[in-house]
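Coordinates for the following, if possible.
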Amino acid sequence: MRSEMEEEAELAYQQITAEEAKAIMDTEKDYIIIDARTDEEFAAGHIAGAKHNIDVRKSTFIDDAEKALPNKGIIAVYCKGGVRSKTAASQLAARGYKVVELRTGYDGWVKSGGKTEK
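The predicted structure is shown next:
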């Protein structure tokens, strides 16, 4: 069950397409890409430039995120298909981060021709 804070935070982040994510990467300097999938999924392939793999399903997600993330700039969050990243985006937005969430996830990124790496 989601907390009231998470429900309110749902409105505090923006869902974006792969094309919009590419535009942010091309124009913004202060952004960080967060992969909310498992370590194994990250190792198998991730969006080029993703520096942090913070598994949203771990009980330590928020603690891990707060240790890894700066307090400024855009935090772009994705997962495989867009479900886990919504949870991550909501939790991060509830703590005051400026968050965008890739609504189609890694799968949508790959389909759009986005750059990936291992």
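
beta partners of the residue most central in space within the chain?
By CA atoms, centre = their mean, the chain has its centre lying nearest to Val77, at 0.8 Å. Beta-bridge pairing for Val77 (DSSP bridges): Ile34, Glu101.

Surely it and Ala36 touch.
Yes. Counting by CB atoms under 8 Å, Val77 does reach Ala36; the two are 5.7 Å apart. Yep, even glycine has a C-beta here, placed from its N, CA and C like the rest.

So for the two, which residues contact both of them?
Common contacts of Val77 and Ala36 (CB atoms under 8 Å, 6 or more residues apart in numbering): Ser85, Ala88.

Relative to Lys115, how far out is the residue nearest to the centre of the chain?
18 Å (CB to CB, to the nearest Å).

Val83 now?
23 Å.

Now do the contacts for the residue nearest to the centre of the chain.
Applying CB under 8 Å, 6+ apart, we find Val77 in contact with Ile34, Ala36, Ser85, Ala88, Ala89, Leu92, Val99, Val100, Glu101, Leu102.

can you redo the residues you listed as TSV with distance to His52?
Shown next, in TSV, are those (distance: CB to CB, whole Å):
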residue	distance to His52
Ile34	5
Ala36	9
Ser85	13
Ala88	11
Ala89	14
Leu92	12
Val99	13
Val100	15
Glu101	15
Leu102	14
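
and which of these is nearest to Ala50?
Ile34 (7.2 Å; CB to CB).

For burial, what's the neighbour tally of that closest one?
Neighbour count for Ile34, taken as other CB atoms under 10 Å: 27.

pLDDT score for it?
pLDDT, Ile34: 94.

ok, it to His46 distance?
10 Å.

Identify the contacts common to those two.
Counting by CB under 8 Å, 6+ apart, the residues touching both Ile34 and His46 are Asn53.

Next, count neighbours for Ser112.
13.
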